[in-house]
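K.L.:
Test case, fold it:
(chains A and B)
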Amino acid sequence: MAAAALCWALRAARQVLPSPCPRQVRSYYVDWRMLRDVKRRKMAYEHADERLRINAIRKNSILPKELQEVADKEIAALPRDSCPVRIRNRCVLTSRSRGVKRRWRLSRIVFRHFADHAQMSGVQRAMW
Amino acid sequence: KNKSAASKDSSPEGAAKKQEDGAGTPKQQLLDIIGDMKVEVSYRKKLQQLKASENKKQAMNKLEGPDSEGSVPQGITEDTQRGKPLNPELVKAASAVASSLPRNKKKTESELLAQLRRHEETTDKQKKGGIINIRNVISEMTIKRQSPAHRGARMSGRISLQLDEDGQRLRRERSSALSMDSGRSLKVGKRLNIFTKASTEPEQALKTVSSPTIWDLEFAKEVAAVTAQPPRNGFEEMIQWTKEGILWEFPIDNEVGMEDDAEFHEHIFLEKHLKGFPKEGPVRHFMELVICGLSKNPYLSVKQKVEHIEWFQNYFEEKKELLQEI
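P.N.:
Sure thing, here's the model as predicted:
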C-alpha cells in the first residue's frame, strides 16, 4: 500500500501548505499506471472484509456445496479491481514495475542513486 | 475627632498647642481639649475616634468662629478638589484649630484636612473589612527566639558559597526553624478576617457563537501562518513533523490509535452473539469455527468481531430458502 501512503502524505502536505515553510509538494502521480495502481489499492481496501468472508464460505468443507457455488458467483460479481492480486508494488518515485525492493519501495536504479549519495540510512557499499 | 486629628500631627505642634492661649470661648474649649491630649498609640485612636465623634458634635454646635467662615469656602473647595467630601463640620473645626495655631495657618489647615481625609479612608476600609480584634491576632502569634546556632548558620549562609553538603545541612536547619516557628498548624484557631476572599467571578458565559464564522477561520489561519516560523534546527523540524503526524512519537507506543476498552472476556466468549443461528446443522458448526478463530484474533476490536458475526447472520438469512431446499 505504498501508493496509498503516498496519497495520504500528499493530502497531509496540501493541508500544511499555508505555512510559510515551502516544501516541495508533488501534486501528480508519476504516470497513469501508478494512478490505476492507486485506485486498485483503494478498492481492495474497501472490499477486503467482504472478500474475506465470502472466501471463508467458499473454502469450507462443512457447508453444503450449493452454498459454496452461490458464494463463488457472488465473489465473481464483485468489481475486478477489488481483488488484491491486481496490486503491483511499483517504485514510488519512478513507477517502475520491475526491480522494486519491498523494504524501500524503490526501484533498483533509484535505490542505487540515493545510496551512492549517502541518502539512504544504514546502506553501505558491500565489500567482503 | 479633634484629638485624633491632632494626634497625627508631629510632636512639636502638640507642644505648641499646649502653650497657646486662644481668644474666645469656643476656641478656648478647643484648646483645652487639645491641651489635655497626649500622644497616643495609633490603634487606640480609633476607639477614641468613636468616643471623640460624640464630643466633637457637641463642640461643633458651639463653635461659630468668624475666622472659620472666611476659611471655610477655601477648605470646602480643597475638599471637593480631592474628591471625597469631608464633613463640613470637620472642615470648620480644622480651620478653627489652624487659626488658633501660631504658624502658617493655611498650611496647617491643609495638613489637618489631608489627615482628616486619610482618616475617612481608613475608617471606610475598616467598616468594609470588619473590625479586627487585635487581641485575636496577637494571641496566635508566638515570640520568635533565634538560637545563636541558627543565627550563625544564617549569617554564614548569606556570606559564603555553599557546597552541596552545606546547602543540604542549611536547608534542613532552615526547614526545622520554620517548622519550629509555626509550631501550631496553619488551620487551627479563629478566623481573623484580615484578608477578603477573592471573589470567584462567575465564569463569563461562553461566546454564544454557534459556529466560528468563515472570517474567523481565515483570520485564525492567517495568524497561524504568520506566527509559524520556519524551523531553526533539526529538533524543531522534528517537532513540526510530529505535530503534523509524519513522525511518530517516541518512545513508540504500540497501541496508538487503538482504544479498545473491552475486557478480555468480551473478546473470547463470543457465543452470546450466536443467538440468531439455528442450534444444529452445518451452519452452526461453521459459525462455531468462526467464533473460535475470532477469539484467537488479537488484531480486531470487539466491534469488528461483532460486525463480522452479524454479516454472516445477514448472509445466511438471505440464503435461508436455499438452505431449506437442501
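K.L.:
Show me the domain layout of chain A.
P.N.:
Per the TED database, the structural domains of chain A span A:31-88, A:90-123.
K.L.:
and of those, who's closest to chain B?
P.N.:
Among those, domain A:31-88 comes nearest to chain B, with 5.0 Å by CB to the nearest CB. C-betas here are computed from N, CA, C, even on glycine.
K.L.:
can you give me the mean pLDDT across that closest one?
P.N.:
Across domain A:31-88, the average pLDDT comes to 94.
K.L.:
Can it be said to contact chain B?
P.N.:
Yes - among the residues of domain A:31-88, A:Asp49, A:Arg53, A:Ala56, A:Ile57, A:Asn60, A:Ile62, A:Leu63, A:Pro64, A:Glu66, A:Leu67, A:Val70 lie within reach of chain B under CB under 8 Å from any CB of the partner chain.
K.L.:
List the residues that contact the last one.
P.N.:
A:Val70 makes contact with B:Lys319, B:Leu322, according to CB atoms under 8 Å, 6 or more residues apart in numbering or on different chains.
K.L.:
any idea which element it lies in?
P.N.:
When elements are assigned from DSSP states H and E, A:Val70 belongs to helix A:65-77.
K.L.:
What residues of that helix count as buried?
P.N.:
Of the residues in helix A:65-77, those buried under the neighbour-count criterion (16 or more other CB atoms under 10 Å in any protein chain shown) are A:Leu67, A:Val70, A:Ala71, A:Ile75.
K.L.:
I'd like to know how far the residue nearest to the last one when sequence neighbours are not counted sits from B:Glu111.
P.N.:
Nearest non-adjacent residue to A:Ile75, counting by CB to CB, 6 or more residues apart in numbering or on different chains: A:Ile54, 4.7 Å away. The spacing between A:Ile54 and B:Glu111, counted by CB to CB, to the nearest Å, is 103 Å.
K.L.:
Contacts only, for the residue nearest to A:Ile75.
P.N.:
With contact taken as CB under 8 Å, 6+ apart, A:Ile54 is in contact with A:Ala71, A:Glu74, A:Ile75.
K.L.:
Quickly note the distance from the spatially closest residue to the second one that is not a sequence neighbour to B:Asn254.
P.N.:
So the one you mean is A:Glu74. Closest residue to A:Glu74 in three dimensions, ignoring its sequence neighbours and counting by CB to CB, 6+ apart: A:Ile54, at 5.7 Å. Between A:Ile54 and B:Asn254 the distance, using CB to CB, works out to 31 Å.
K.L.:
and if you look at A:Arg80?
P.N.:
In this structure, A:Arg80 and B:Asn254 are 36 Å apart, going by CB to CB.
K.L.:
Tell me which of the two has more neighbours.
P.N.:
Neighbour totals were compared for A:Arg80 and B:Asn254, and A:Arg80 leads with 9 against 5 (other CB atoms under 10 Å in any protein chain shown).
K.L.:
and the more buried one, what are its phi and psi?
P.N.:
Its backbone dihedrals place A:Arg80 at phi -70, psi -40, with angles given as degrees, to the nearest 10.
K.L.:
try A:Ser107
P.N.:
For A:Ser107, the backbone dihedrals (degrees, to the nearest 10) come out as phi -70, psi 160.
K.L.:
Let me know whether it touches A:Phe114 as I believe.
P.N.:
No - under the criterion of CB atoms under 8 Å, A:Ser107 lies out of contact with A:Phe114, with a separation of 11.0 Å.
K.L.:
residue ranges for the helices of chain A, please.
P.N.:
Secondary structure of chain A, counting by DSSP state H: helices at A:2-16, A:32-58, A:65-77, A:108-116.
K.L.:
Could you save the ones you listed as a markdown table and add columns showing distance to B:Phe250?
P.N.:
As requested, these are arranged in a markdown table below (distance: least, CB to CB, whole Å):
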| stretch | distance to B:Phe250 |
| --- | --- |
| helix A:2-16 | 20 |
| helix A:32-58 | 28 |
| helix A:65-77 | 43 |
| helix A:108-116 | 25 |
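K.L.:
With respect to burial, which of those scores highest?
P.N.:
The highest average neighbour count among the helices of chain A, using mean count of other CB atoms under 10 Å in any protein chain shown, belongs to helix A:32-58 at a mean of 16.
K.L.:
Could you list the contact residues of the stretch 151-300 of chain B toward chain A?
P.N.:
Those residues of the stretch 151-300 of chain B that sit near chain A, judged by CB under 8 Å from any CB, are B:221, B:224-226, B:228-231, B:240, B:244-246, B:282-283, B:285-286, B:289-290.
K.L.:
Buried among those residues? Make that a PyMOL selection.
P.N.:
Only the buried members of those end up in this PyMOL selection, burial being decided by 16+ other CB under 10 Å:
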select buried, chain B and resi 240+282+283+286+290
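K.L.:
Helices - which of the residues of the stretch 151-300 of chain B next to chain A land there?
P.N.:
When DSSP H defines the helices, the subset of those inside them is B:Lys221, B:Ala224, B:Ala225, B:Val226, B:Gln240, B:Glu244, B:Pro282, B:Val283, B:His285, B:Phe286, B:Leu289, B:Val290.
K.L.:
In these, find the pair that's most separated.
P.N.:
Farthest apart among those by CB to CB are B:Val226 and B:Pro282. That separation is 68.2 Å.
K.L.:
show me the contacts for B:Leu289.
P.N.:
Neighbouring residues of B:Leu289 by CB under 8 Å, 6+ apart: A:Ile62.
K.L.:
Surely B:Lys319 is in contact with A:Leu67?
P.N.:
Yes - under the criterion of CB under 8 Å, B:Lys319 is in contact with A:Leu67, at a separation of 6.5 Å.
K.L.:
can you tell me how far B:Ile239 sits from A:Asp31?
P.N.:
Counting by CB to CB, the gap from B:Ile239 to A:Asp31 is 36 Å.
K.L.:
Neighbours of A:Arg96, how many?
P.N.:
Residues lying near A:Arg96 (other CB under 10 Å) number 18.
K.L.:
actually B:Ala262, not the one I typed
P.N.:
Neighbouring residues of B:Ala262 were enumerated by other CB under 10 Å; the total is 11.
K.L.:
That one in helix, strand or coil?
P.N.:
State at B:Ala262, reduced to three classes by DSSP: H, G, I helix; E, B strand; the rest coil: coil.
K.L.:
Which residue comes closest to it once chain neighbours are left out?
P.N.:
Here the nearest residue to B:Ala262 in space, its sequence neighbours aside, is B:Val302; by CB to CB, 6+ apart that works out to 4.3 Å.
K.L.:
what sits against the one you found?
P.N.:
With contacts defined as CB under 8 Å, 6+ apart, the neighbours of B:Val302 are B:Asp260, B:Ala262, B:Glu266, B:His267.
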